[in-house]
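Peer 1: sequence and computational prediction follow.
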Amino acid sequence: MEQNINFNSEEIVLTLSVMSDIHISGSWGIERSEHFFKNALNFANKAASNKIDAFLFTGDFTDSMNSKANVNGAGLSAEEFEAKKAAQNKIEFEILRRCFSEEIDKDAEIIYCLGNHDSINCNNTERFITEFSSRDTVGDNKNFDRMYRTDTDLEALHKGMRHCVYKGYHFLCIDMANDNTDSIAFLKRNLDEIIAKEPDKYVFILHHCKTPDMNYASNMWGTNYELHELLKNYPQAILFAGHKHCALHNERSIMQREYTSVEASCVSYIKIDCVKQPENVTHSMGYQCSQGLLVELDKSGNMRITRLDYAQHVKIKEPWILAHPNEDKSHLKTYTDERRTISEPPQFGENFGLQVSPTENGTLISFNQAKHDDMPYRYEIAITDYNGNRETFYLSSLFCYYPSLNDIPNSVWANIDYDCSKIYTLTVTPQDVWYNSGKSVTYYF
């Protein structure tokens, strides 16, 4: 259950920007990539009540450093492909350095881990260190060693593991790996030492992928089970991870059990529930979305997390407020699984307004949004034909394009891949982010 926590906005001691999945990419369009990243950094600076002290990145700076699939190399020889990939990677790093130089204050720290598109098993970790340490490739900016000036363990840094200390807070970062043995041992050793000295302060964990059964879409490819088992022993740990490009409007983007886990979302695009599949489908409108976090800590160690819509330059819903770690673990009682039971599921009003019509490619369905105290999340569409065959589709409420409940459009629509003439019954069921279902509405044709 959510509790009243007094965050002191007059005494903020640390301000952090948290971003993930920049995906600077030649295959997607270099200009688009640079624009999205610069725009995100620009709005993060504007949204902060204080100057941002550090920018945290949870991986996938690039799209093709570790992925041949994201280089358009059709018809090229192996040598030609490698040359094209190298040229693309060179441009990607130039853009990253340029964005850092132009949009991030030279006194701000930059702390990062690498994602699956950047590096796996440290195959590119050293390349990033070399590129980001460069003193002569960004004009008159001679300070790119700032990337590593807060690192306390340079040997670990070159193995894809980082321990940074800044303004009295600790940041532990691990790159992507198929074998997490070394990184888990690294985290455990440092967590034990840190928490023995300061048990009442959060320790920031940066990793590209989520841990299981925590946030929305956390049980998919890349889920780090070993990290989950470790962090369950440290209530002071707060994990920030991206990878699945999830919308921050979803209240499952923050979860507290034995530790706290927070969705970092995606600068490049958002994946949402849409037609046909229940999870993780990219709607075309998702490519207009760009989201991230602003994290602030007050003098008492309480935390305020503000969700930012970079594309529209607005704040999303209300901030999450977290109490500083307590010995009784009461700070973990705010954003828990109990939230799934504290509100009624979405319900349709009297004016459902269903419209169904044939299109060249299937069936156009539209109806009025269900009512909810948060945001209706999606609609399950179950269709049966005259032979009793049943097919299920999922339509997004389009919740992730609007900053609050009051901004959501009155109706939702989608063109589904189904022959309109075969529909015998059509049932629509509204659902919230926990998949709690409201009362279904069924029409017969």
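Peer 2: Cool, got the structure.
Peer 1: can you show me the strands along the stretch 51-200 of the chain?
Peer 2: 54-58, 109-113, 161-166, 169-174 (DSSP state E, counting those that start in this stretch).
Peer 1: and those: which comes nearest Phe7?
Peer 2: Smallest distance to Phe7 across the strands of the stretch 51-200 of the chain (Cβ to Cβ): 16.3 Å, for strand 169-174. Placement of C-beta: from N, CA and C, glycine included.
Peer 1: distance between the closest one and the chain's centre?
Peer 2: Centre-to-centre, strand 169-174 and its host chain are 18 Å apart (Cα atoms, centre = their mean, to the nearest Å).
Peer 1: given it, what are its sheet partners and their directions?
Peer 2: Using DSSP bridges, strand 169-174 pairs in its sheet with strand 161-166 (antiparallel), strand 203-206 (parallel).
Peer 1: could those go into a markdown table alongside mean neighbour count, mean pLDDT and distance to Cys246?
Peer 2: As requested, the strands paired with strand 169-174 are arranged in a markdown table below (neighbours: other Cβ atoms under 10 Å; pLDDT from 0 to 100; distance: least, Cβ to Cβ, whole Å):
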| stretch | mean neighbour count | mean pLDDT | distance to Cys246 |
| --- | --- | --- | --- |
| strand 161-166 | 20 | 97 | 24 |
| strand 203-206 | 24 | 98 | 17 |
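Peer 1: which one of the strands of the stretch 51-200 of the chain lies nearest to Glu155?
Peer 2: Checking those against Glu155 by Cβ to Cβ gives strand 161-166 as the closest, at 9.2 Å.
Peer 1: centroid-nearest residue for this protein?
Peer 2: Residue closest to the average C-alpha location in the chain (Cα atoms, centre = their mean): Ser265, at 1.6 Å.
Peer 1: who's in contact with it?
Peer 2: Listed by Cβ atoms under 8 Å, 6 or more residues apart in numbering, the contact set of Ser265 reads 20-21, 242, 245-248, 253, 291-293, 307.
Peer 1: please, which helix or strand holds it?
Peer 2: Using DSSP states H and E, Ser265 sits in no helix or strand.
Peer 1: tell me, how many residues neighbour the residue nearest to it when sequence neighbours are not counted?
Peer 2: The shortest distance from Ser265 to any non-neighbouring residue, by Cβ to Cβ, 6 or more residues apart in numbering, is to Gln291 (4.0 Å). Neighbourhood size, Gln291 [other Cβ atoms under 10 Å]: 29.
Peer 1: can you check the one 5 residues further on too?
Peer 2: If you count neighbours by other Cβ under 10 Å, Glu296 ends up with 23.
Peer 1: the one 10 residues further on now?
Peer 2: Counted with other Cβ under 10 Å, the burial measure for Thr306 works out to 20 neighbours.
Peer 1: what about the strands in the stretch 301-445 of the chain?
Peer 2: 303-309, 314-322, 355-359, 362-368, 378-385, 390-396, 411-416, 423-431, 441-444.
Peer 1: which of the ones you listed is buried the deepest?
Peer 2: For the strands of the stretch 301-445 of the chain, the largest average neighbour count (mean count of other Cβ atoms under 10 Å) is found in strand 303-309, namely a mean of 23.
Peer 1: tabulate the strands of the stretch 301-445 of the chain (JSON lines), appending mean pLDDT.
Peer 2: Converted to JSON lines, those look like this (pLDDT from 0 to 100):
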{"stretch": "strand 303-309", "mean pLDDT": "98"}
{"stretch": "strand 314-322", "mean pLDDT": "96"}
{"stretch": "strand 355-359", "mean pLDDT": "93"}
{"stretch": "strand 362-368", "mean pLDDT": "92"}
{"stretch": "strand 378-385", "mean pLDDT": "94"}
{"stretch": "strand 390-396", "mean pLDDT": "91"}
{"stretch": "strand 411-416", "mean pLDDT": "87"}
{"stretch": "strand 423-431", "mean pLDDT": "96"}
{"stretch": "strand 441-444", "mean pLDDT": "93"}
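Peer 1: hang on, the earlier thing: Ile316 versus the residue nearest to the centre of the chain, what's the distance?
Peer 2: 10 Å (Cβ to Cβ, to the nearest Å).
Peer 1: any residues in contact with both of those two?
Peer 2: In contact with both Ser265 and Ile316: 248, 291, 307, using Cβ under 8 Å, 6+ apart.
Peer 1: now do the same for the first one: helix, strand or coil?
Peer 2: Three-state call for Leu248 (DSSP: H, G, I helix; E, B strand; the rest coil): coil.
Peer 1: for the nearest residue to it once chain neighbours are set aside, give me its contacts.
Peer 2: Leaving aside its chain neighbours, Leu248 sits nearest to Arg307 (4.1 Å; criterion: Cβ to Cβ, 6+ apart). Contacts for Arg307 (Cβ under 8 Å, 6+ apart) come out as 248-249, 253, 265, 291, 293, 315-317, 319-320.
Peer 1: many thanks, have a good one.
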